[in-house]
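Trainee: got a predicted model here, sequence first, then my questions.
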Amino acid sequence: MPNQKTIDWLGEIPAHWRLAPSWSLYRRVKRTGHENEELLSVYRDHGVIPKSSRDDNHNVESEDLSGYQLVKPGDLVMNKMKAWQGSISLSEHEGIVSPAYFVFQPLHTGHHKYFHYLLRSPEYIGAYNRISKGVRVGQWDLDPVYFRTLPIPVPPLDEQKAIADFLDDQLLTIDLLIEKQQNLVSLLDEKLKVEVHSAVTKGLTKKYAIQNSGIEWAPEVPNDWAILKASRLFKARKGSRAALLSTEYCGEHPGDYPVFSGQTENDGIMAKINTFEFDFVNKPVLFTTTVGSSRVMSVSMLEGKFSLSQNCMIMQNTAPEILDTRFAYWLLTVAFDHKKRQLAQHMQLSFRMSDLYSYRFPIPPLPTQQEIAGFIDSLEQQNRALKDAALASIRLLQERRAA
């Protein structure tokens, strides 16, 4: 088309826009000796921001900051090993970044926000991917020599500003909608937690005589409920072959029987092997993780034939005549959540059989347990449907944001 210019990987651009190599717009600089400036970092989702404003960056700065580079507002900052993931951004802050970054000073007088959006677009991230070099994914470097040659479309200044203003407005609207949906998910989780706690400690009847239970997380319970130690209700068991069931061993003995672990992916299934240790077909058993992972003292239900890896434990209901296993699932969920929050957060979290056996629980009559469990199951189903709808909205908004 006569009024268009075309770049294979970028597509068509208006004919009145000029194409400039990046070296004519940005020059690499290395300003060191500014140890007292604020520490900055480049995040794929947030751009260049102070490290103190994020707590999920696990990069630890060096004690010697003399080699850190000064960044000024308008500078382009690139994580050379993660540019292909989108870790590149124009900075609105002044501060210092580690020597692992490249810092580029603008040589143009254009609208910085336009170039910020352009150089973080999916098309450019794809280009960084193609020109990054390395032995394997995760260790790819983007060499400035290759970056210098990238063509950059440069509209007239008024169009740069109009594009940036449009995107600012659109993204602000989308981000506010995403935040509202994320808040809704959090509120739904909190509301369910409150309702579950009330149901397993007070029941579903509003009027009842109470008794003092002596249990910290359920001090007053209906007076027709029993107060029983966990040792009367559960038998805790660990896998006798847990130490053997490494990833390597499981890879060498593939089969149909799951090995459960503390991982959060794949419903906790580390692998499937050709043997099993536990047989709970048609008789569900409760499961928890005992050390280290984010799932410590979380509760789930398992059925069928399976094995356990290290740092895992099952809790078998040994008193089915007085304890409904589904009610026990919700009861332990509440109790463990309380106990876990009491543990010292600076230490590695751990949970032992002896810990479980020392706990006491309020136990309603069996029909009441079954009624409570059914009520909570229904609540959870409703909660899941609302959360799924909110999460679907978030995904659509994030896709719209990228587009």
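Mentor: Everything's here; your move.
Trainee: hmm, who's touching stretch 78-91?
Mentor: Identification of contacts with stretch 78-91 by C-beta atoms under 8 Å, 6 or more residues apart in numbering yields 40, 42-45, 47-48, 71-77, 100-104, 112-113, 115-116, 119-120, 125, 128-129, 132, 138-143, 147. Every C-beta, even on glycine, is put in place using the N, C-alpha and C of the backbone.
Trainee: give me that answer again for 6 Å
Mentor: With contact meaning C-beta atoms under 6 Å, 6 or more residues apart in numbering, stretch 78-91 is reached by 42, 44, 47-48, 71, 75-77, 101-102, 112, 116, 119, 125, 128-129, 132, 140-142.
Trainee: which among the residues you listed count as buried?
Mentor: 42, 47-48, 71, 75-77, 101-102, 112, 116, 119, 125, 128, 132, 140-142 (16 or more other C-beta atoms under 10 Å).
Trainee: so which of the contacts of stretch 78-91 are in helices?
Mentor: For the contacts of stretch 78-91, the ones inside helices are 112, 116, 119, 125, 128-129, with DSSP state H as the criterion.
Trainee: for those residues, give me CSV that also has pLDDT and distance to residue 257.
Mentor: Listed next are these as CSV, based on pLDDT from 0 to 100; distance: C-beta to C-beta, whole Å:
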residue, pLDDT, distance to residue 257
112, 90, 58
116, 91, 52
119, 90, 50
125, 87, 42
128, 85, 44
129, 83, 40
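Trainee: from those residues, which is closest to residue 201?
Mentor: Using C-beta to C-beta, residue 125 is the member of the ones in helices among the contacts of stretch 78-91 that lies nearest residue 201, at 50.7 Å.
Trainee: any idea how far that closest one lies from residue 374?
Mentor: 49 Å (C-beta to C-beta, to the nearest Å).
Trainee: before we move on, back to that, which one of the ones in helices among the contacts of stretch 78-91 is nearest residue 223?
Mentor: Nearest to residue 223 among the ones in helices among the contacts of stretch 78-91, with distances taken as C-beta to C-beta, is residue 125, at 64.0 Å.
Trainee: look up how far residue 49 lies from that closest one.
Mentor: Counting by C-beta to C-beta, the gap from residue 125 to residue 49 is 19 Å.
Trainee: what of residue 360?
Mentor: Between residue 360 and residue 49 the computed distance is 48 Å (C-beta to C-beta).
Trainee: now swap in residue 19 and tell me
Mentor: For residue 19 relative to residue 49 (C-beta to C-beta), the value is 31 Å.
Trainee: can you check residue 69 too?
Mentor: Distance from residue 69 to residue 49, by C-beta to C-beta: 16 Å.
Trainee: go on, residue 247?
Mentor: Separation of residue 247 from residue 49 (C-beta to C-beta) stands at 37 Å.
Trainee: residue 310 now?
Mentor: According to C-beta to C-beta, residue 310 and residue 49 sit 39 Å apart.
Trainee: elements contacting the top helix by length along the chain?
Mentor: Using DSSP H to define each element, the chain has its longest helix at helix 157-202. Under the contact criterion of 3 or more C-beta pairs under 6 Å, 6 or more residues apart in numbering; DSSP states H and E, helix 157-202 touches helix 112-119, helix 325-342, helix 366-402.
Trainee: quick check: mean pLDDT of that helix?
Mentor: The predicted model assigns helix 157-202 a mean pLDDT of 94.
Trainee: run the angle between that helix and helix 325-342 for me.
Mentor: Per axes from the mean of the first three to the mean of the last three C-alpha atoms, to 10 degrees, the angle that helix 157-202 makes with helix 325-342 is 120 degrees.
Trainee: which one of residue 69 and residue 49 has more residues nearby?
Mentor: residue 69 (23 against 18; other C-beta atoms under 10 Å).
Trainee: just checking, the more buried one touches residue 103?
Mentor: Yes - under the criterion of C-beta atoms under 6 Å, residue 69 makes contact with residue 103 at 5.0 Å.
Trainee: which secondary structure element of the protein has the lowest mean pLDDT?
Mentor: strand 4-7 (a mean of 72; mean pLDDT, DSSP states H and E).
Trainee: contacts for stretch 367-375?
Mentor: Stretch 367-375 has contacts (C-beta under 6 Å, 6+ apart) with 199, 204, 324, 326-327.
Trainee: among these, name the buried ones.
Mentor: 199, 324, 326-327.
Trainee: which one of those sits closest to residue 252?
Mentor: For the buried ones among the contacts of stretch 367-375, the nearest to residue 252 is residue 326 (37.1 Å; C-beta to C-beta).
Trainee: on the pLDDT front, check the closest one for me.
Mentor: For residue 326, the predicted pLDDT is 96.
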